[in-house]
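K.L.:
For reference, the sequence and a predicted model appear below.
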Amino acid sequence: MPCVAAALAGVSSLPASAQPSGDTTVTFTVSTSDLTIEVPASRNLGSGFPGQTISGQLGTVTVDDGRAAASATWTASVVSTQFDTGIDDPAEIILPNLVQYWSGPATATTGTGTFVPGQPTRSDRVTLDQPRTAFSKTAGSGNNTASWNPTLEITIPPDAVGGLYSGTVTHSVA
């Protein structure tokens, strides 16, 4: 019988969880790095009292189109979240319909094409309660850039509670 014990000692058993097949989740990213947008990381617009409007420029926003296509157009969009103190009390929330935006003219462009500001002047300003066109390139080839320095106006509700309010203004390009 010693032969049987020696033969069994060389046999390894399969784990109880082994299956006849297995799945692997595979992920990857399709890069769109040939069309990018750069925005300021943060901006403090100062302070104001309930019932007032505060205003300030966000800083330079730049679209870089490196697609080198014979005909390359793009549209940059902008939208805002609510501004709040971190508490969901209605007196501590400023809704996006009280946030107005205008792109102003281009501060710099390179390459060829027709660059069009979404809101060239203050009288063209729009609320950011839905995505709006901030800037666009409507004609021309790729390999270009456009920069602008947009302005925000935020109307502080008369019943707003004092505190530090923050929100997010998102620019995107496609």
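P.N.:
Now that the structure is in, tell me what you want to look at. Owing to the predicted nature of the structure, the values given are computational and were not obtained by experimental measurement.
K.L.:
C-alpha only now, for contacts and for neighbours.
P.N.:
OK.
K.L.:
distance of residue 37 from residue 114?
P.N.:
18 Å (CA to CA, to the nearest Å).
K.L.:
more crowded one of the two?
P.N.:
residue 37 (18 against 13; other CA atoms under 10 Å).
K.L.:
Next, give phi and psi for the more buried one.
P.N.:
For residue 37, the backbone dihedrals are phi -130, psi 140 (criterion: degrees, to the nearest 10).
K.L.:
Name whatever forms a beta bridge with it.
P.N.:
Beta-bridge pairing for residue 37 (DSSP bridges): residue 63.
K.L.:
How about residue 74?
P.N.:
residue 137.
K.L.:
Give me the neighbour count for it.
P.N.:
17.
K.L.:
hang on, it packs against residue 174?
P.N.:
Yes. Counting by CA atoms under 8 Å, residue 74 does reach residue 174; the two are 5.5 Å apart.
K.L.:
overlap in contacts of those two?
P.N.:
Counting by CA atoms under 8 Å, 6 or more residues apart in numbering, no residue touches both residue 74 and residue 174.
K.L.:
give me every residue that touches the closest residue to residue 163 other than its chain neighbours.
P.N.:
Nearest non-adjacent residue to residue 163, counting by CA to CA, 6 or more residues apart in numbering: residue 85, 6.4 Å away. Shown in contact with residue 85 (CA under 8 Å, 6+ apart): 92, 93, 163, 164, 165, 166.
K.L.:
tally of neighbours for residue 158?
P.N.:
Residue 158: 11 neighbours (other CA under 10 Å).
K.L.:
Check which helix or strand the spatially closest residue to it that is not a sequence neighbour maps to.
P.N.:
Once flanking residues are discounted, residue 158 sits nearest to residue 51: 4.1 Å by CA to CA, 6+ apart. According to DSSP states H and E, residue 51 maps onto no helix or strand at all.
K.L.:
Find me the pLDDT at residue 51, would you?
P.N.:
Residue 51 is assigned a predicted lDDT (pLDDT) of 96.
K.L.:
which of the contacts of residue 85 count as buried?
P.N.:
When these are checked for burial by 16 or more other CA atoms under 10 Å, the buried set is 92, 93, 165, 166.
K.L.:
Tell me the one among these nearest to residue 65.
P.N.:
residue 166 (30.7 Å; CA to CA).
K.L.:
Contacts only, for the residue nearest to the closest one when sequence neighbours are not counted.
P.N.:
Nearest in space to residue 166, with sequence neighbours left out and distances taken as CA to CA, 6+ apart, is residue 83 at 4.9 Å. Contact partners of residue 83, counting by CA under 8 Å, 6+ apart, are 93, 94, 95, 96, 165, 166, 167, 168.
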